[in-house]
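Trainee: the following comprises the amino acid sequence and a computationally predicted model.
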Amino acid sequence: MNNYVLYGYGESVASNVVRLALAEKNISYDYKLLYLESRGDHLKDNYKKLNPKTLLPTLTVNEKPISESIDIMRFIDNEHADQGATLFPNNHDEEFDNLLDYLFLDDTKELGETFGTTGGGISVPVLAKLLCKRSFFSVLWDYLKNHGVSKRKFIFVMVRFFGGPPPGLYEKMMSFLAKHLVYTENYLNHGKTYIYGNDYTAADCLITPLLHRVNEMRFYGVFDGSKFPNLSKYWNTISKRPSYKEAIINYETGEWKPVLEELYGDGPNLYNDLLWSEIEKIR
């Protein structure tokens, strides 16, 4: 019997992806919580040995690591083919693979290029506040010396230097987010229950945390049914699945909520109007 240990963080989009998949497959695992920006646990030598990219999550299977969320989902789906949801179609499906690429938080792509990378981009105000719990020089040292993805080193250092998104970055993210929300709304015109049909799949595991992040970052009006009826209906469906609470809500660390209150109080994201302006340009 395999022994599974998942290294993750509660508010990490990619960690949420894998926890959703494990929940949908009804797989038990041990959990190792690593704090990211506020402590830099993922940049420590012991974790870097498991995952040289220093990214989350990592699943160890009998102490052997698997580090990409899609690879983890493929592994558990093959290993437990007759248990829980079937995450991948039985036949090779190019459209499904393309959808996964679009939703995957791929560290080789630029922020905003895909929906997956946009999830990271819209999170920057919170990441900056958490990075500011540490001195600039400790962040500079940790990220430049230890982070395993070269292009991300500079981004995190700049975010800490400015104490928020570098000038122009968040405005650019609103343009990307608008494009991806409109694309997803149109994709859901198929009228099926889930993103790729009537069965819950790995694609749903990927998009659920992204939509959760949109909601979490106080972008109001996206899911109220008035502008994006397909997205609203889909969100209502996936957020009511037991796996959503089990894998996302129950694993929140509590670090994000006070930061969001500090940034936005009881109101919307400060760029909410800009997002809707960008949406109107392309609809």
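Mentor: Nice, thanks for sending it over.
Trainee: give the rounded mean pLDDT of stretch 267-274.
Mentor: In this model, stretch 267-274 has an average pLDDT of 98.
Trainee: what are the buried residues along it?
Mentor: Asn269, Tyr271, Asn272, Leu274 (16 or more other CB atoms under 10 Å). C-betas here are computed from N, CA, C, even on glycine.
Trainee: do a quick rundown of the helices in this structure.
Mentor: Ranges of helices in the chain, per DSSP state H, are 13-24, 45-50, 69-79, 94-103, 115-121, 124-131, 136-146, 150-162, 169-187, 202-216, 229-238, 242-247, 256-264, 272-282.
Trainee: buried stuff in the first one?
Mentor: Spelled out, that is helix 13-24. Quick answer for helix 13-24 (16+ other CB under 10 Å): Val13, Ala14, Ser15, Asn16, Val17, Val18, Arg19, Leu20, Ala21, Leu22, Ala23, Glu24.
Trainee: who does the closest residue to Phe75 other than its chain neighbours form a beta bridge with?
Mentor: Excluding its sequence neighbours, the residue lying closest to Phe75 (CB to CB, 6 or more residues apart in numbering) is Ile66, at 5.7 Å. With DSSP bridges as the criterion, Ile66 is bridged to Leu59.
Trainee: how many other residues sit next to Ile66?
Mentor: Around Ile66 there are 20 other residues, counting by other CB atoms under 10 Å.
Trainee: kindly report the same for the one 4 residues further on.
Mentor: The number of residues packed around Ile70, counting by other CB under 10 Å, is 23.
Trainee: what's the spacing between the closest residue to Phe176 other than its chain neighbours and Ile155?
Mentor: Closest residue to Phe176 apart from its sequence neighbours, by CB to CB, 6+ apart: Gly112 at 3.3 Å. Remark: distance between Gly112 and Ile155 (CB to CB, to the nearest Å) = 12 Å.
Trainee: sorry, back to before: contacts only, for the residue nearest to Phe75.
Mentor: Thr58, Leu59, Thr60, Ile72, Phe75 (CB atoms under 8 Å, 6 or more residues apart in numbering).
Trainee: how about a cut-off of 10 Å?
Mentor: 4, 18, 50-51, 57-60, 72-76 (CB atoms under 10 Å, 6 or more residues apart in numbering).
Trainee: pLDDT and distance to Gly254 added to those, as CSV?
Mentor: CSV is the format used below for those (pLDDT from 0 to 100; distance: CB to CB, whole Å):
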residue, pLDDT, distance to Gly254
Tyr4, 97, 25
Val18, 98, 21
Leu50, 96, 25
Asn51, 96, 24
Pro57, 98, 19
Thr58, 98, 23
Leu59, 98, 24
Thr60, 97, 26
Ile72, 98, 25
Met73, 98, 27
Arg74, 96, 32
Phe75, 97, 30
Ile76, 98, 28
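Trainee: related to what we said a few turns ago, in TSV: the buried residues of stretch 267-274, plus distance to Tyr187.
Mentor: Listed next are the buried residues of stretch 267-274 as TSV, based on distance: CB to CB, whole Å:
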residue	distance to Tyr187
Asn269	24
Tyr271	24
Asn272	23
Leu274	23
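Trainee: return the member of those nearest to Phe162.
Mentor: When those are compared for distance to Phe162 (CB to CB), Tyr271 wins out at 15.8 Å.
Trainee: need the pLDDT of the residue nearest to Phe176.
Mentor: Reported pLDDT for Gly112: 92.
Trainee: number of nearby residues for it?
Mentor: Counted with other CB under 10 Å, Gly112 comes out at 21.
Trainee: quick check: closest non-adjacent residue to Leu169.
Mentor: Closest to Leu169 by CB to CB, 6+ apart is Val124, at 6.6 Å.
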